[in-house]
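Asks: sequence first, then the predicted structure:
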Amino acid sequence: MESAELIAVLREVRDRVRSRNPQTAAGAPAGPGAVGIPLPDLIALVHARDSALGKVAAIGTVNPRSGGPVNSVVQTWKRLVARVLDWHVREQVEFNRKLVACVDASIEALTETNRALSEMGGRLTAQETIGNEMKDMRDHWASWRLDWERKLEQNEIQFLRSVADLQSGFQHRVTLMDANYRDALRDGLRGQHAEFMAALERSGMDIQKRLWADLEHIRLEYERLIFSELRTIRQRAQITAAAAAATSAAESPPSPAAASTPAPAGFDYGRFAERFRGSEEYVKRGQQFYLPYFAACRNILDIGCGRGEFLEMVRAAGVPAKGIDLSEESVATCRHKGLEAETADLFVWLADCPAASLDGIFCSQVVEHLPPDRLPEMIKLCASRLARNGVIAIETPNPECLAIFATHFYLDPTHQRPVPHPLLAFYLEEFGMGNIEVRKLSPAVESMPSLASLPEDFRQTFFGGLDYAILARKL
């Protein structure tokens, strides 16, 4: 390698090193982060390396001399000796070059070290600046820390209070919601239970009504069948007895007919009824329970209508009715009220009435005025004038109540004798009436409070209702 070429290479290396390491001659960094840390100066080492590189480049060359024949011979001889010794000094040359390369690497390492030191100095400067800035913070840190801890404690207390308030409010809200839910659930369950029980009761009542209606229908059909069989038997007996009656008619004269009805009393019976039977309002209240039995009727006869209490009640319900009575004064009272009534004997009126033309007959406080032997005749006439399913209601004093004989029955001089309800029920069954029902009326204890001291079962047996009503339907 020629020395000029080697020198150019060395200069290039030096320029590159210096461009990468712009440092002062004193070795201190000139950057903004300089803190006065002395750095090693590498210029002398670079110069020594350059000199060594020059010596390495001169190995194997011949020193120039002045011209002339002798010089040419000497130069030729030196070049020959250099070529001859080239094999001997080649290793030394390689060693020298490696050594120069090691020096270059050292210079590079030192340069990097200087750079690191310079950067560390800059960082130390920044740290010192931060330390100066934080000095005041360090001086006041104790007071700041106490103040911060106090504020933190206050904030924690305030936070805990807020959490406690929120928790109590949430718990109160949950309690209210739970109470409202329980109330709503309880009310809803109660309402559902009440609706269910009401629906169940309605269904039970409907089933019971249908069952009783079916049983009533079956009972009526059964009693009609029994009555038709008994009527057939009686007709056969009457046919047999007709011949015997015709035979005995010629042998014995006819007996005189009995009186149809008792003669009217010779005193003011209206005033008598007002005093001993009660006012019209009292009688109407006692007769209210009859209304459902006659509500579906369209042609009712009131036998012994009196002052017209029953006729007024059914007229208010929109049911047509008419009455008959032996007392002209009673009939006049009824007509004055706008009621349909006439003076007539019940046996004559019923005998003239078409068969099955009535669907309801009401007879209150009458049968006890009739002779006992004519009572079956009255029942027979009433039954024959009623249409099928027609209803009859008969009210009379109750002989099973001993109190009736001590108070009311013998107050009326026109009373013949009391009629027990089993006898009246027998007459009704005998002439085609069924579905017989007996109701006790006017408890004796209401008019005689002293009876309340008697045992309940004894009072109900011997001092029950002063009157009774017997109801039946035409089969």
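Replies: Arrived safely.

Asks: following element in sequence after the helix or strand bottoming out on mean pLDDT in the chain, please.
Replies: Every helix and strand of the chain was ranked by mean pLDDT, DSSP states H and E. The lowest is helix 269-276, at a mean of 58. Sequence-wise, the next helix or strand downstream of helix 269-276 (DSSP states H and E) is helix 280-286.

Asks: chain center to that following helix, what's the gap?
Replies: 49 Å (C-alpha atoms, centre = their mean, to the nearest Å).

Asks: which elements pack onto it?
Replies: helix 309-316 (3 or more C-beta pairs under 8 Å, 6 or more residues apart in numbering; DSSP states H and E). Glycine gets a C-beta too; all of them are placed from N, C-alpha and C.

Asks: give me the residues contacting the helix it packs on.
Replies: When contacts are defined by C-beta atoms under 8 Å, 6 or more residues apart in numbering, helix 309-316 is touched by residues 280, 283-284, 287-288, 290-291, 294, 300, 302, 305, 320-323, 334, 337, 339-341, 362, 364.

Asks: next step: those residues restricted to helices.
Replies: Secondary structure from DSSP state H places 280, 283-284, 291, 294, 334 of these in helices.

Asks: can I get the residues you listed in CSV with distance to residue 96 and pLDDT?
Replies: What follows is the ones in helices among the contacts of helix 309-316, written out as CSV (distance: C-beta to C-beta, whole Å; pLDDT from 0 to 100):
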residue, distance to residue 96, pLDDT
280, 162, 78
283, 161, 83
284, 157, 84
291, 151, 91
294, 155, 93
334, 168, 90
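
Asks: export those as CSV, with columns for neighbour count and distance to residue 69.
Replies: Formatted as CSV, the ones in helices among the contacts of helix 309-316 follow (neighbours: other C-beta atoms under 10 Å; distance: C-beta to C-beta, whole Å):
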residue, neighbour count, distance to residue 69
280, 17, 192
283, 18, 191
284, 16, 187
291, 14, 181
294, 22, 184
334, 23, 197
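
Asks: of those residues, closest to residue 434?
Replies: residue 294 (17.5 Å; C-beta to C-beta).

Asks: what sits against that closest one?
Replies: Contacts of residue 294 (C-beta under 8 Å, 6+ apart): 300, 314, 319, 321, 360, 362, 391, 393.

Asks: what's the distance between the fourth one and residue 315?
Replies: So the one you mean is residue 321. 7 Å (C-beta to C-beta, to the nearest Å).

Asks: out of the two, which sits in the busier spot?
Replies: residue 321 (25 against 16; other C-beta atoms under 10 Å).

Asks: so what's the closest residue to that one other than its chain neighbours up against?
Replies: Nearest residue to residue 321 in three dimensions, chain neighbours excluded: residue 300, at 3.8 Å (C-beta to C-beta, 6 or more residues apart in numbering). The contact partners of residue 300, taken as C-beta under 8 Å, 6+ apart, are 294, 314, 319-322, 358-362.

Asks: the helix or strand that contains residue 107 packs against which elements?
Replies: If you go by DSSP H and E, residue 107 is part of helix 86-249. Contact here means 3+ C-beta pairs under 8 Å, 6+ apart; on that basis helix 86-249 packs against helix 3-20, helix 43-58, strand 433-443.

Asks: lowest-confidence stretch among these?
Replies: Of all those, mean pLDDT reaches its minimum on helix 3-20 (a mean of 67).

Asks: can you pull the domain assignment for the chain?
Replies: 3-135, 269-474 (automatic domain parsing).

Asks: low-confidence ranges, the stretch 301-450 of the chain, go.
Replies: Residue ranges of the stretch 301-450 of the chain with pLDDT under 70: 406, 410.

Asks: ok, which stretches of it are strands?
Replies: Secondary structure of the stretch 301-450 of the chain by DSSP state E, counting those that start in this stretch: the strands cover 321-325, 341-343, 358-364, 386-397, 433-443.

Asks: now render these as CSV, adding distance to residue 151.
Replies: Shown next, in CSV, are these (distance: least, C-beta to C-beta, whole Å):
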stretch, distance to residue 151
strand 321-325, 102
strand 341-343, 108
strand 358-364, 101
strand 386-397, 100
strand 433-443, 92
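
Asks: so for residue 454, which of those strands sits nearest?
Replies: That would be strand 433-443 among the strands of the stretch 301-450 of the chain, by C-beta to C-beta, at 12.5 Å.

Asks: and that closest one, what does it pack against?
Replies: Applying 3+ C-beta pairs under 8 Å, 6+ apart, we find strand 433-443 packed against helix 86-249, helix 421-430, strand 465-474.
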